[in-house]
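A.B. asks: show me the folded form of this:
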Amino acid sequence: MESAASLTELQAEANCPICLDYLRDPVTIECGHTFCPSCIHQRWEGLQGTFPCPVCLHHCPDRKLKRNTQLCHMIEIVKQIPTTGSQRKLQEEKPLCGKHNEVLKFFCDNAQELLCPHCKVPLDHQHHSLIPIEEAAASYRRKLKRYIGALLVEVEDAETECENQIAKEFEVQEKMENWRKELQYECKELKCSLQVEHSVLNAGLFIEEKDVEEKLTENGRQVSNHMFILNKFLSEIAEKYLQADVDLLTGIEDIHNRYEKLETPAVFSYELKKKNFTLPPHYLGLHKMIHIFQADLTLDPETAHPSLIISRDRKSVTYRTSVGLSNPQAHTSYPAVLSSEGFDAGRHFWQVEVRGIGAWSFGVCKESFPRNTPIKPLPSNGCWRYKQRAGMFGLLGHHKIGIFLDYELGEVSFYNLSNRSYLFAFTDMFSEKLMPYFSIASSPESLTISIIRV
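C.D. replies: Purely as a prediction, here's the structure:
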């Protein structure tokens, strides 16, 4: 029994791992496994670079095959060994044709069917492409390999798109969370502004109320005193009226003079001034205000101080320490530059971004504001600007400031667009064209002001 099992193992070892038949002219590859030359050539057909072993998947560097002569002789000997019943049983385990009980050896590519040698005789498959199973399997393996390559690319693309969708979801969540924070901050600022405005208005109403009450009280006292004098004088005249002629005429001149000199106290008149409740414009919708009134500005190099560098697109200005050629139209005392665009009516909004270290200021100035004399840019001189001064370590970081000009209202207001808060405002009467104004103080550090659009 043991010898039969050993014989079966010997015959199995004599089979090709690919076609499962006796090895024909066996060849050995680099890893030591042996195959039929035709079988291994079909398996490696179309491959380049490395060639995997069908048994152990070892990557052979080339198609080098070594003929195994001794194994070839041994297989011829094994073929001569009689087949036992158990061996026949093993052979019978190979897939057999259901019609002819023969081993399936061919594949009909047209009908997609497995055939035995007898199946290809009928007219059903006479003009069909019949391929040995090994060749058909190799061909379809190549096709499946292409499918696998294409599907792997699609899977990778799908994974990338899935990651993008997840990233977009997080981006939406982050953006919405930032908007919630902005909304909460604006509501808090609005509440604070309402409380401050209420306190100011309430204090003003209280002062006006007290002032009017005091004046009314004083006027009432004067009217009451006048009424007392009149009643007393009236009684005196009535008594005089009833006296005899001689007594009546005695001292009549005094009564006459006093009557002529009677003065009625002035009645206090007043007009209460109603306090109007006002809020900064951004509480009526900063986002809407920006997009409705946003102005597209460019810097005017002709107005630039010599120590300022204007970018090619005329949207940015940077301070430089080495002063070049002088410009007679430049600000000589305060390094500044004006916009090419000016405004003499309407509402206008522009946004400024500041990066670097140093002191800066911007706002508006009159078109006639002197640019070649050391005049300090103040409202009294026709320049309304919001400024920040560098501390001991300078102004670090990134700042976004919004400027809103309401010409008819006579107001220039400034906003911190990083947290959408109100900073400051100037109110005045504007009578001539106003030019957006940008200034950078002298600094050894780099500082850039840029005009940007939201």
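A.B. asks: how about low-confidence regions in the protein?
C.D. replies: Along the chain, segments meeting pLDDT under 70 span 1-9, 12, 82-94, 120-127, 275-285, 321-333, 372-373, 389-397, 442-446, 454.
A.B. asks: again, only using 50
C.D. replies: Scanning the chain for pLDDT under 50 picks out 1, 90, 92, 323-331, 390-395.
A.B. asks: ends of stretch 306-314, what's the gap?
C.D. replies: Stretch 306-314 has its terminal residues 15 Å apart, counting by CA to CA, to the nearest Å.
A.B. asks: okay, buried residues for that stretch please.
C.D. replies: 306-308, 310, 314 (16 or more other CB atoms under 10 Å). Where C-beta positions appear, they are placed from N, C-alpha and C, glycine not excepted.
A.B. asks: what's the closest of those to residue 222?
C.D. replies: The closest of the buried residues of stretch 306-314 to residue 222 turns out to be residue 308 (CB to CB; 68.0 Å).
A.B. asks: what residues are up against residue 268?
C.D. replies: Counting by CB atoms under 8 Å, 6 or more residues apart in numbering, residue 268 touches 215-216, 218-219.
A.B. asks: and for the closest residue in space to residue 129 that isn't next to it in sequence, the neighbour number?
C.D. replies: Leaving aside its sequence neighbours, residue 129 sits nearest to residue 109 (CB to CB, 6 or more residues apart in numbering; 4.4 Å). The local packing of residue 109 (other CB atoms under 10 Å) involves 14 other residues.
A.B. asks: residues in contact with residue 109?
C.D. replies: Neighbour list for residue 109: 128-131, 136 [criterion: CB under 8 Å, 6+ apart].
A.B. asks: using CSV, lay out these together with distance to residue 43 and neighbour count.
C.D. replies: As requested, the contacts of residue 109 are arranged in CSV below (distance: CB to CB, whole Å; neighbours: other CB atoms under 10 Å):
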residue, distance to residue 43, neighbour count
128, 24, 15
129, 21, 11
130, 20, 19
131, 15, 17
136, 13, 19
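A.B. asks: phi and psi next, for the residue nearest to residue 129.
C.D. replies: Dihedral pair for residue 109: phi -70, psi -30, per degrees, to the nearest 10.
A.B. asks: so of the contacts of residue 268, which two are at opposite extremes in space?
C.D. replies: 216 and 218 (7.4 Å).
A.B. asks: count of residues packed around residue 349?
C.D. replies: 21.
A.B. asks: got the contact list for the residue lying closest to it once chain neighbours are set aside?
C.D. replies: Once flanking residues are discounted, residue 349 sits nearest to residue 293: 4.3 Å by CB to CB, 6+ apart. Taking CB under 8 Å, 6+ apart, we find residue 293 in contact with 346-349, 404.
A.B. asks: cool, and residue 409?
C.D. replies: So residue 409 contacts residue 427 (CB under 8 Å, 6+ apart).
A.B. asks: Three-state assignment for it, please.
C.D. replies: Following DSSP: H, G, I helix; E, B strand; the rest coil, residue 409 is assigned to coil.
A.B. asks: the buried residues of stretch 306-314 in strands, which ones?
C.D. replies: Those of these mapping onto strands are 308, 310, per DSSP state E.
A.B. asks: out of the buried residues of stretch 306-314, who's nearest residue 163?
C.D. replies: residue 314 (40.7 Å).
A.B. asks: which residue, other than its chain neighbours, is closest to the closest one?
C.D. replies: Once flanking residues are discounted, residue 314 sits nearest to residue 298: 4.3 Å by CB to CB, 6+ apart.
A.B. asks: so that neighbour versus residue 339, what's the distance?
C.D. replies: Counting by CB to CB, to the nearest Å, the gap from residue 298 to residue 339 is 7 Å.
A.B. asks: near the residue nearest to residue 295 when sequence neighbours are not counted, how many other residues are there?
C.D. replies: Nearest residue to residue 295, sequence neighbours excluded (CB to CB, 6+ apart): residue 348, at 4.5 Å. By the criterion of other CB under 10 Å, residue 348 has 20 neighbours.
A.B. asks: show me the contacts for residue 348.
C.D. replies: Residue 348 touches 293, 295, 404-405, 407, counting by CB under 8 Å, 6+ apart.
A.B. asks: same thing with residue 440?
C.D. replies: 308, 317-319, 335-336, 358-360, 447, 449.
A.B. asks: if it is in a bridge, with which residues?
C.D. replies: Residues in a beta bridge with residue 440, per DSSP bridges, are residue 360.
A.B. asks: which residue, other than its chain neighbours, is closest to residue 362?
C.D. replies: In this structure, residue 362 finds its nearest non-sequential neighbour in residue 438, 4.7 Å apart by CB to CB, 6+ apart.
A.B. asks: picking up where we left off before, now, the contacts of residue 293 that are in strands?
C.D. replies: Among the contacts of residue 293, the ones falling in strands (DSSP E) are 347-349, 404.
A.B. asks: nearest to residue 58 among those?
C.D. replies: Nearest member of the ones in strands among the contacts of residue 293 to residue 58, counting by CB to CB, is residue 349, at 72.2 Å.
A.B. asks: isn't the closest one right up against residue 289?
C.D. replies: Yes. With contact defined as CB atoms under 8 Å, residue 349 counts as touching residue 289 (6.2 Å).
A.B. asks: where does residue 430 land in three-state SS?
C.D. replies: Classified using three-state DSSP, residue 430 is coil.
A.B. asks: that one against residue 412, yeah?
C.D. replies: No. Using CB under 8 Å, residue 430 makes no contact with residue 412, being 9.0 Å away.
A.B. asks: give me the most central residue, this protein.
C.D. replies: residue 175 (6.9 Å; CA atoms, centre = their mean).
A.B. asks: show the backbone phi and psi for that residue.
C.D. replies: phi -60, psi -40.
A.B. asks: list the contacts of the residue lying closest to residue 108 once chain neighbours are set aside.
C.D. replies: Once flanking residues are discounted, residue 108 sits nearest to residue 128: 5.0 Å by CB to CB, 6+ apart. Going by CB under 8 Å, 6+ apart, residue 128 touches 108-111.
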